[in-house]
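[1] Based on what follows, work out the 3D shape:
(one chain, ligands or ions: 1)
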Amino acid sequence: MNKNDNKDKPKKIKSNKFAWIIIIEIVVISLLFISYRYIILDVKDKENEQTQENPQENEDGKNTEDSDNQIDDENDNKNDDDEEAEVEEPQDQIDHEDVANKEDKEQQDLIAQANRLALGYDYDGAIELLKSYEGSNGDYTSYEKLKTAIEGFETTKSTLVLYGGSYTSVAQFSHIFFHSLIADNAKAFDEDYDSKGYNMYMTTVTEFKNMMQQLYDAGYVLVSMHDIAPIITKEDGTQVYGEGKIYLPEGKKPFVLSQDDVNYYDYMDGDGFASRIVIGEDGKPTCEMILEDGSKVNGDFDMVPILDKFVDEHPDFSYHGAKGILALTGYEGALGYRTDDPTSSTFEQDKEAVKAVAKALIEDGWEFACHTWGHKNMQEKPYEFVVRDTNRWLEEVAPLIGPTDILIFPYGIDIETTLGHYNSDKYTFLKKSGFNYYCGVYKDPWMQIKDDYVRMTRRPLDGQAMLQFPERLKDLFDLNTVIDPERPAKNW
Ligand SMILES: [Zn+2]
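    Below you'll find the predicted structure:
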């Protein structure tokens, strides 16, 4: 075989082929150009139409983008005969896709929202939320994703048990309480005249964090007093207080939390406590503390921001978003603002600040309680005093924080010693003033639900309980891993 033969023959074929390719290409390019002109004109017409119909959509450039995509699509399908249909069909498709994508996003957001409710054991709320969906295809039953999520919630809900199976009655729940937490141990335990009192009645930030972690690990779940003893309508239509039906996963244990005297009194200045509750940069309540040089700093210096953060990290620590009850007196204002003094230059400003902080706290799951105006022993004081003191609280504090029906007795001392039904004028007056839940103090859980009110005692978790009566807290914690190493030994 000659090498040249092999070279020459294909050359001739190639040049013939090349000529044909050129011709075909010219034809194709001409066709392309013509159809492209057509499409451009057509799209521009449509664009003008749409601009007139939907000027808003065009503002965000959405329509222009769609039109660009359309041109690309047109070029891919240039051999189709019906140019008009070519333009219309993808437009419809894109509209449908837009709607489908938008609805898909809506459903994903709704499911995420429902998941958050379910993490707080609000399965009914989660299911109701998903069932409220309406899309272009109809209600939730037209969407598989929603139906699957609802089925999932219903399955989990069916595994829940009353009170987590840990109790047979709400009267067995623990209600624990604290005072303001010590944020700076060195200042609180500096051996000045009030450091002994702090050792007895206060808990440090470290101890509080240790306690919450241990409670969480043991299955405890925060609940609201209003949920454990709500108003129940009887068959005959009368309304009475009754045991709430709280369903939780097996092993969970509901408990109530409260904090007394959230007033940041003057006597605590310079002793290592927060100075007031403020609204942080994220719009959530946080604490302010005054440093030695007089500068102010925001941070986790007391129960509110510490517990908020803990529940954010452990949403299953809170049933239906419950946090705790903040009990306020009135003689030095509220929440660290001296709203009791009309001569103060910041009187109006402080009142507005308390209103804003209280609103943020309530939105955050916190509740308020009256701790009386003057923090006096309400059993010892005569009826007239109770009336005067309560009215003053209702006039000065209630308008700032909103209505509450919880009364937390100062020193934990009840208005009456009776274990039956309250039968004093004091009770009649307090009930008429709007109070339905009454809280004293006792070492063990105790609760009484009467038709017209609820009484629940609370367990102190302070230095006295930890150092003097550690056996009383055995069911809740391992105190060896709770007590702050910086706390002094029992010194009273
Ligand atoms: Zn108190």
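
[2] Could you verify my assumption that Phe368 touches Val354?
    No. Judged on Cβ atoms under 8 Å, Phe368 makes no contact with Val354 at a distance of 11.0 Å. Just so you know, the C-beta spots here come from the backbone N, C-alpha and C atoms, and that holds for glycine as well.

[3] so what's in contact with those two at the same time?
    Ile401 (Cβ atoms under 8 Å, 6 or more residues apart in numbering).

[4] Before we move on, what's the pLDDT of Glu97?
    At Glu97, the pLDDT value in this model is 84.

[5] I misspoke; the intended subject was Leu407.
    For Leu407, pLDDT reads 98.

[6] Which residues of the stretch 151-300 of the chain lie near the ion?
    By the rule Cβ under 5 Å from the ion, the part of the stretch 151-300 of the chain lying against the ion is Asp260, Asp261.

[7] So which residues of the stretch 151-300 of the chain form helices?
    Using DSSP state H, counting those that start in this stretch, the helices assigned to the stretch 151-300 of the chain run over residues 185-188, 195-201, 205-217, 225-228.

[8] Most tightly packed of those helices?
    helix 225-228 (a mean of 21; mean count of other Cβ atoms under 10 Å).

[9] tell me what that helix is packed against?
    Here helix 225-228 touches strand 253-259, going by 3 or more Cβ pairs under 8 Å, 6 or more residues apart in numbering; DSSP states H and E.

[10] quick one, the strand it packs on and helix 205-217 angle?
    160 degrees (axes from the mean of the first three to the mean of the last three Cα atoms, to 10 degrees).

[11] partners of strand 253-259 in the sheet?
    Applying DSSP bridges to the sheet, strand 253-259 is found paired with strand 174-178 (parallel), strand 220-222 (parallel), strand 325-328 (parallel).

[12] So what touches the first one?
    Right, strand 174-178. Strand 174-178 has contacts (Cβ under 8 Å, 6+ apart) with 202-203, 208, 225, 255-260, 303, 439, 441, 445, 456-462, 476.

[13] Check the offset of it from the chain's centre.
    Put simply, strand 174-178 sits 21 Å off its chain's centre (Cα atoms, centre = their mean, to the nearest Å).

[14] ok so, going back, and among the strands paired with strand 253-259, the most buried is which?
    Among the strands paired with strand 253-259, strand 325-328 has the highest mean neighbour count (mean count of other Cβ under 10 Å), at a mean of 27.

[15] Just the residues contacting it, thanks.
    Counting by Cβ under 8 Å, 6+ apart, 225, 256-263, 304, 334-335, 361, 366-371, 397, 401, 406, 408 sit against strand 325-328.

[16] Out of those residues, list just those in strands.
    Secondary structure from DSSP state E places Val256, Leu257, Ser258, Gln259, Glu367, Phe368, Ala369, Cys370, Ile406, Ile408 of those in strands.

[17] Need the max-distance pair from the residues you listed.
    Spanning the widest gap among those are Leu257 and Cys370, at 17.4 Å by Cβ to Cβ.

[18] secondary structure class for the closest residue to Gly333 other than its chain neighbours?
    Take Gly333 and drop its neighbours on the chain: the residue closest to it by Cβ to Cβ, 6 or more residues apart in numbering is Thr339, 4.0 Å away. Taking DSSP: H, G, I helix; E, B strand; the rest coil as the rule, one finds Thr339 in the coil state.

[19] what does Asp484 give?
    coil.

[20] now the one 3 residues further on
    For Arg487, the secondary-structure state derived from three-state DSSP is coil.

[21] wait, what's in contact with it?
    Asn185, Phe189, Asn199, Thr204, Glu207, Gly463, Met466, Leu467 are the contacts of Arg487 under Cβ under 8 Å, 6+ apart.

[22] my guess is Ala114 meets Phe153, correct?
    Yes. Proximity of Ala114 to Phe153 meets the contact threshold set by Cβ under 8 Å, at 7.1 Å.

[23] for the residue in the stretch 51-200 of the chain that the ion sits nearest to, phi and psi?
    Here the stretch 51-200 of the chain gets closest to the ion at one residue, His179, 7.1 Å apart by Cβ to the ion. Main-chain torsions, His179, degrees, to the nearest 10: phi -100, psi -170.

[24] who are the neighbours in contact with it?
    Contacts of His179 by Cβ under 8 Å, 6+ apart are Tyr201, Met202, Thr203, Gln259, Asp260, Asp261, Asp462.

[25] returning to that earlier point: quick one: common contacting residues for Ala114 and Phe153?
    Ala126, Ile127, Leu130.

[26] Secondary structure element holding the last one?
    Yep, that's Leu130 we're talking about. helix 123-131 (DSSP states H and E).

[27] Put the alpha carbons of that helix into CSV.
    Extracted in CSV, the C-alpha atoms of helix 123-131 (Å, rounded to 0.1, in the frame of the first residue of the first chain):
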residue,chain,number,x,y,z
TYR,A,123,-48.5,18.7,69.3
ASP,A,124,-52.1,20.0,69.0
GLY,A,125,-50.7,23.4,68.1
ALA,A,126,-48.3,21.9,65.5
ILE,A,127,-51.1,19.9,63.9
GLU,A,128,-53.5,22.8,63.9
LEU,A,129,-50.9,25.0,62.3
LEU,A,130,-50.3,22.6,59.4
LYS,A,131,-54.0,22.0,58.9
